[in-house]
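Asker: For reference, the sequence and a predicted model appear below.
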Amino acid sequence: MNALESQLHYPFGDDLPTPGTTREVASGVKWIRMALPFVLDHINLWLLRDEIDGRQGWSVVDCCIAKDESKAQWEDIFATQLEGLPILRVMVTHMHPDHVGLASWLCERWNAPLWMSATDFHLARYGSHAGTSFGGEGAARFFGSHGLTDPVSVEQVRGRSHYYSSLVPSMPERYCRMMDGDTIRIGAHHWTAISGYGHAPEHISLYCPDLKVLIGGDMMLPRISTNVSVFDIEPESNPLTLFLRSIDKFVALPADTLTLPSHGKPFKELHTRITQLHNHHLERMAEVMTLCKSKPSTGMDVVPVMFKRPLDIHQMTFALGEAVAHLHALWFAGKLKRVKGEDGVFRFSAV
């Protein structure tokens, strides 16, 4: 446990649910932990005891990626953890593959509706059907404009044109919209939808005041800072500023809120974690500012300053996107200026 983690309280310690099992973390709230084939090797999913139209059952929050191994993990849950009751509703925090990949399969398997924000639903639908699926030539050109120009890396980015659709091959045709401030009755409790930006287009977290439980999704993780990136689909965006504003919405929640993250362990000391995340990004921006004062710098120049470890191409696209997000935060704040060189690459320098 690092120094920042030691400032948080993990009420369940290292007692994690094993594959095919659940752990109750609050009344009517069950924790599922599923394996992922990535460096970030797991995702937390949640079962909420529910009743809809007189039927008893469960709402599930988030889905895992669309792979046979994930379906097998779900089948174990269905067989042993649902107490003989059906899935009544599939709720998705945001459009990233580990959260929405199996939404169609779950909805069809249980004849259950999908609940999701409008922005993320439509982008997930687009990504699952589009020929380039958030990658390919457009991504290669965008990353090239921020300094990723070596031919091997460029070809690898071009080759990832169907990455999203390989993990999210389909989406339901219909959905129920979740919006910021909505109050949603789930079983015996009311939950409030809290929108978040910067990590995903329109992430929805859920807070239950009766239980003092926050399903934070990827907006509030205990051990790592969630990825906040600029990507080719919105190249002039300022996601870091949006992210920091979004997590400040959680300041209004009680200090002893139990936060259920999508990765890592459930924790308390929510307000401490919000402060830690602000400080983390302020420190990264200070590093970026120092670099840009010393020389005009590209996103690729910033990557080794922020990420001091070897990166494969999958990790590099996220690292470069996050480097550009920090550059953009300073640029939008008027602290950096941007110039596009004759080589087509953007360089940022101090004003």
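Answerer: Looks like it came in fine.
Asker: Now do the contacts for the residue most central in space within the chain.
Answerer: Nearest to the geometric centre of the chain sits residue 218, at 3.9 Å (CA atoms, centre = their mean). Contact analysis of residue 218 by CB atoms under 8 Å, 6 or more residues apart in numbering lists 93, 94, 96, 99, 199, 200, 203, 226, 261, 262, 263. Any C-beta I mention is one placed from the backbone N, CA and C, and that applies to glycine too.
Asker: Which pLDDT value belongs to it?
Answerer: For residue 218, the model assigns a pLDDT of 98.
Asker: Show me which positions of stretch 201-220 end up buried.
Answerer: For stretch 201-220, burial by neighbour count (16 or more other CB atoms under 10 Å) applies to 201-208, 211-220.
Asker: how long is it from one end to the other?
Answerer: End-to-end span of stretch 201-220 (CA to CA, to the nearest Å): 16 Å.
Asker: for stretch 143-155, same thing?
Answerer: Taking CA to CA, stretch 143-155 runs 12 Å from one end to the other.
Asker: Next, check the contacts of residue 218 against the helices and list the overlap.
Answerer: residue 99 (DSSP state H).
Asker: looking at the contacts of residue 218, which has the most residues close by?
Answerer: Most neighbours among these, by other CB atoms under 10 Å: residue 93, with 29 neighbours.
Asker: tell me which strands and helices the longest helix along the chain is in contact with?
Answerer: When the chain is scanned for its longest helix (criterion: DSSP H), the result is helix 270-294. The helices and strands touching helix 270-294, judged by 3 or more CB pairs under 8 Å, 6 or more residues apart in numbering; DSSP states H and E, are helix 239-247, helix 299-306, helix 313-332, strand 346-350.
Asker: Residue 40 is nearest to which of those?
Answerer: Among the helices and strands packed on helix 270-294, helix 313-332 comes nearest to residue 40, with 10.1 Å by CB to CB.
Asker: Next, the angle from that closest one to strand 346-350.
Answerer: For helix 313-332 against strand 346-350, the angle by axes from the mean of the first three to the mean of the last three CA atoms, to 10 degrees is 50 degrees.
Asker: Quick check: what element follows helix 313-332 along the chain?
Answerer: strand 336-340 (DSSP states H and E).
Asker: Tell me which strands that following strand pairs with, and in which orientation.
Answerer: Strands that pair with strand 336-340, judged by DSSP bridges, come out as strand 346-350 (antiparallel).
Asker: which stretches of the protein form strands?
Answerer: Secondary structure of the chain by DSSP state E: the strands cover 23-26, 29-35, 42-52, 55-61, 87-91, 114-116, 176-177, 183-186, 189-196, 203-208, 213-217, 258-261, 336-340, 346-350.
Asker: which one of the ones you listed lies closest to residue 321?
Answerer: The nearest among the strands of the chain, by CB to CB, is strand 346-350 at 13.6 Å.
Asker: Right, I'll leave it there.
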